[in-house]
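Trainee: Turn this into a model:
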Amino acid sequence: MPINDISARLADIHARMAAASRTAGRDPASTDLVAVSKFHPASSIEAALEAGQRLFGENRVQEAREKFPALRESWPDLRLHIIGGLQTNKALDACRLADAIESLDRPALSDAIARAGDKIGRLPRLFVQVNTGDEPQKFGIPREDAHDFILQSRARFGEQIVGLMCIPPDGQDAAPHFDFLAALAREHNLPEISMGMSGDFEMAIVHGATLIRVGTAIFGQRPLQS
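Mentor: Modelled structure (predicted):
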């Protein structure tokens, strides 16, 4: 997509974010935009960077590894979040590449991230992903296990646990899921709440999101994969 189109789409998203924040009585600066660049080429990310966007999200570690190290050379203030379900054998690369991992959701992944952190001497910021719909096909810690897992994660990783993330079920009202996640974050005194995507980010802001993850509304439909 041409840079002018991406720039215009980013401006529209920010205007809508500001309007939603005003509706909720919130400071527009209290919510950040994660531009989700999954399957889109580095040229599209460059266009977003030229338009002023600095925070990006990738679902797949391998794809992030192919695109972002070179981009960081030109834009050292670029920030990258890994937002997709993370396999334990990808934890080391994720910790090397990312400023944040939004998909911590099980003890085995905690073990892998801890080993990676010990090996490279740093940990990214970590979000616990909660499966608010208890959907068996989705990543995320089940609702009934979330409280204990958050406590265990904070005991293990300390201040690197900064927030919670969720993806509500398709076809359901997202508001109860957003409310659940926001209440859980408040209960654990976690400052970051990552929720809301292209179709519902304004609702997420009204319900307390500090990060929204938007891809299609910025970059257009994802290219077909072979």
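Trainee: CA atoms for contacts and neighbours, from now on please.
Mentor: Noted.
Trainee: Next one, pLDDT for the residue nearest the centre of the chain please.
Mentor: Centroid-nearest residue in the chain: residue 83, 4.6 Å away (criterion: Cα atoms, centre = their mean). On pLDDT, residue 83 comes in at 98.
Trainee: That one touches residue 61, doesn't it?
Mentor: No: between residue 83 and residue 61 no contact is recorded; they are 9.5 Å apart, counting by Cα atoms under 8 Å.
Trainee: Give me the helices and strands touching the longest strand that the chain contains, please.
Mentor: The longest strand of the chain (DSSP state E) is strand 125-131. The helices and strands touching strand 125-131, judged by 3 or more Cα pairs under 8 Å, 6 or more residues apart in numbering; DSSP states H and E, are strand 100-104, strand 141-142, helix 143-157, strand 161-165.
Trainee: Restrict stretch 129-148 to CA atoms and write it as CSV.
Mentor: This file holds the C-alpha atoms of stretch 129-148, laid out as CSV (Å, rounded to 0.1, in the frame of the first residue of the first chain):
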residue,chain,number,x,y,z
GLN,A,129,-2.7,-13.6,27.6
VAL,A,130,-6.1,-14.6,29.1
ASN,A,131,-8.5,-16.7,27.1
THR,A,132,-11.6,-14.8,28.2
GLY,A,133,-13.9,-16.9,26.2
ASP,A,134,-12.4,-20.2,27.3
GLU,A,135,-12.2,-21.2,23.6
PRO,A,136,-10.3,-24.5,23.2
GLN,A,137,-8.8,-23.5,19.9
LYS,A,138,-7.3,-20.3,21.2
PHE,A,139,-4.2,-19.5,23.1
GLY,A,140,-4.4,-17.9,26.5
ILE,A,141,-4.7,-19.0,30.1
PRO,A,142,-8.2,-20.1,31.0
ARG,A,143,-10.3,-17.7,33.0
GLU,A,144,-10.4,-19.8,36.1
ASP,A,145,-6.6,-20.3,36.1
ALA,A,146,-5.7,-16.7,35.3
HIS,A,147,-5.5,-15.3,38.8
ASP,A,148,-3.0,-17.9,40.1
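Trainee: what about it, average pLDDT?
Mentor: 97.
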